[in-house]
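# Kindly generate the corresponding structure for this input.
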Amino acid sequence: MFINRFATNAPVNQAKVEVELGELKASAPFHDDLGDYAVADGKFLEALGKKGTHALVITIVDGNESDLLEGSLEVGAVTALETGHDQGRENNLLLAGLAVVALGVVGAFGWLVGRRSGSRSTAAQGGAQ
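You can find the predicted model right below:
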């Protein structure tokens with residue numbers, strides 16, 4: 001999560017952030033490298049990753065200031081492509097794409113060779129006339 005002040009849009013860094021999902025509560029520490037807050041609790045993330053709408057309460061405390069945010073996150077069904085179970089189809093598409101590129105390269109090479117040999121025979125005919 002990126003957290004900014006409403007009035008100035010200035011980032012809020014190093015605040016204490018907690019996220020609640022039903023009975024579960026997890027802290028979301030600040031990451032200096034990306035400037036974001038993220039939950040790393042496995043049990044919390046597993047519950048949040050289940051299909052459905054999840055009501056969330058986010059508590060932010062920054063010095064003497066605090067805010068309580070309420071929202072929801074909707075998680076859709078996971079497709080076969082997202083789980084990696086349909087890698088054969090992806091590989092077939094990749095191979096088909098590479099085959100089209102290879103045919104294009106061979107065709108372009110043949111066109112260039114034909115064009116060069118065609119220009120030589122025209123020059124020879126033109127010189128003989």
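# Give me the neighbour count for the residue lying closest to D62 once chain neighbours are set aside.
Spatially, and ignoring its direct neighbours in sequence, D62 is nearest to A15 (3.9 Å; Cβ to Cβ, 6 or more residues apart in numbering). C-beta coordinates here come from the backbone N, C-alpha and C atoms, glycine included. For A15, the neighbour count with other Cβ atoms under 10 Å is 19.
# same question, the one 3 residues further on
Summarising burial for E18: neighbours were counted as other Cβ under 10 Å, giving 14.
# so what does whichever strand or helix holds it touch, helix or strand wise?
Using DSSP states H and E, E18 sits in strand 16-21. Judged by 3 or more Cβ pairs under 8 Å, 6 or more residues apart in numbering; DSSP states H and E, the packing partners of strand 16-21 are strand 24-27, helix 42-48, strand 52-62.
# So S66 sits against I60, correct?
Yes. Counting by Cβ atoms under 8 Å, I60 is a contact partner of S66 at 6.4 Å.
# More neighbours: which of the two?
Neighbours of S66 and I60, each counted by other Cβ under 10 Å, are more numerous for I60; the result is 18 against 11.
# Quickly note the distance from that one to H31.
Noted for I60: a distance of 15 Å to H31, by Cβ to Cβ, to the nearest Å.
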